[in-house]
Every structure is written in structure tokens, then in C-alpha cells.
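[1] Fold the following and give me the result.
(one chain, ligands or ions: 2)
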Amino acid sequence: MDEARGDMELVPGRNCDGCVMCCKVFPIPETGKDDFAPCPHARVGEGCGNYASRPETCREFFCLWRLDGSLEDDWKPSVAGFVLHDPAPWTLLVSGDVDNPDARQREPYASQIRQWAFELKRRQMLMGARCGDTTRLLLGDREVDLNG
Ligand code: SF4
Ligand code: SF4
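    Ligands and ions are numbered 1, 2, ... in the order given. Purely as a prediction, here's the structure:
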């Protein structure tokens with residue numbers, strides 16, 4: 001998933017470079033791929049094996065690491081082990097890898113995510129985390145399981 005999107009400014013000099021984390025954690029409606037399932041075209045460390053013909057969904061998505069230059073390189077999803085993204089206004093989401101579900105709880109990520117969650121709550125914005133069948137609301141001082 002590596003090409004400039006019309007209305008978005010990508011961080012200059014950054015590219016996906018073999019990261020295929022978003023290829024795993026999101027559904028691809030055009031191919032019927034479920035979220036958290038590997039895409040048969042994804043080559044870890046190499047990129048998309050179907051790059052020229054990849055679906056529109058793949059062309060349109062960029063994680064926050066590609067969009068926000070203030071995020072250091074350890075927030076690249078292939079390094080962090082999860083994808084940080086903003087799926088809707090006022091919302092920040094951590095989409096985790098089912099094969100590495102605790103990645104967001106490691107440092108330096110856990111402290112930073114807690115701090116963002118506090119700040120977003122203060123601004124009446126939402127921060128959440130999803131991984132497999134689990135969706136949690138992150139409030140900074142606690143997490144709320146939204147699966148009931
Ligand atoms: S998660 Fe981000 S860096 Fe990784 S492939 Fe997708 S857009 Fe590129
Ligand atoms: S088609 Fe390519 S870009 Fe799209 S999910 Fe599969 S590997 Fe990723």
C-alpha cells in the first residue's frame with residue numbers, strides 16, 4: 001500500500017518498504033479477505049506481490065506513520081507490530097496483529113498510547129484498540145472491553 005493518495009500529504013522520504021501490516025489487519029472487500037487474515041499477495045519484508053493490480057481499498061489506505069512526521073520510525077507498523085490509524089474524525093485506533101497481540105503493551109508504545117488516550121478523552125475524542133475478536137476503548141487510566 002504505497003502510493004500518494006490525492007487529498008493526503010504523505011511524509012516525504014517514507015515508504016512502506018516491505019511492511020504489509022495493514023494488509024493483514026484490515027478487510028479487503030474487493031477480494032473478500034477478512035480483517036486479521038493474511039492476504040495471499042502479501043510478502044513480509046518485500047511488499048505486495050500484486051502491486052500493479054491491487055484493489056482500490058489497498059491504494060487508499062495509509063497508516064499514521066505514513067501521514068504524520070512526528071511519529072518516529074519505531075512507529076512504523078512492521079516495527080511496532082500494530083497499525084496506528086484514524087478511521088474517522090475524532091478517532092484514533094490501534095489495530096493489532098493476532099499473532100502478536102501484546103505488541104501495543106510493550107514500551108515505548110504502552111506509555112505513549114496511554115498518554116494519547118488521556119489526551120483524546122480530555123478533548124472528547126476516542127481512542128480504541130482492536131485485535132481479532134477484541135475491541136477495547138482506551139481511556140488512559142483504564143480500558144473498557146466493548147465486546148461485552
Ligand atoms: S501499515 Fe503503513 S507502512 Fe505498513 S504497509 Fe500499510 S501503509 Fe505502509
Ligand atoms: S493486494 Fe497487496 S496491498 Fe492489498 S492487501 Fe494484499 S498484499 Fe496488501
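[2] Quick check: pLDDT value at the most centrally placed residue in the chain.
    Centroid-nearest residue in the chain, with CA atoms, centre = their mean: residue 83, separated by 2.1 Å. At residue 83, the predicted lDDT confidence score is 98.
[3] Ligand 1 contacts on this structure?
    1-2, 16, 19-22, 62-63, 65-66, 76-78, 83 (CB under 6 Å from any ligand atom). C-beta: built from backbone N, CA, C; applies to glycine.
[4] re earlier: do the one helix or strand the residue nearest to the centre of the chain maps to and ligand 2 meet?
    Per DSSP states H and E: residue 83 is located in strand 82-85. No - interface with ligand 2: strand 82-85 contributes nothing (CB under 6 Å from any ligand atom), its closest point being 12.0 Å away.
[5] same deal with stretch 33-52?
    Yes - for stretch 33-52, a contact with ligand 2 is found by CB under 6 Å from any ligand atom, at 39, 41-42, 48, 50.
[6] Could I have the buried ones of these as ChimeraX selection syntax?
    Entered in ChimeraX, the line below selects the buried ones among these, by 16 or more other CB atoms under 10 Å:
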select :39,41,42,48
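[7] Assess the claim that residue 58 and residue 48 are in contact.
    Yes - look at residue 58 against residue 48 with CB atoms under 8 Å: they come within range, at 7.0 Å.
[8] quick one on the thing from earlier: now tabulate the residues of stretch 33-52 next to ligand 2 in TSV and tack on secondary structure and pLDDT.
    As requested, the residues of stretch 33-52 next to ligand 2 are arranged in TSV below (DSSP: H, G, I helix; E, B strand; the rest coil; pLDDT from 0 to 100):
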residue	secondary structure	pLDDT
39	coil	97
41	coil	97
42	strand	97
48	strand	97
50	coil	96
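[9] Include distance to residue 100 when you put the residues of stretch 33-52 next to ligand 2 into CSV, please.
    Putting the residues of stretch 33-52 next to ligand 2 into CSV (distance: CB to CB, whole Å) gives the following:
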residue, distance to residue 100
39, 17
41, 21
42, 15
48, 21
50, 24
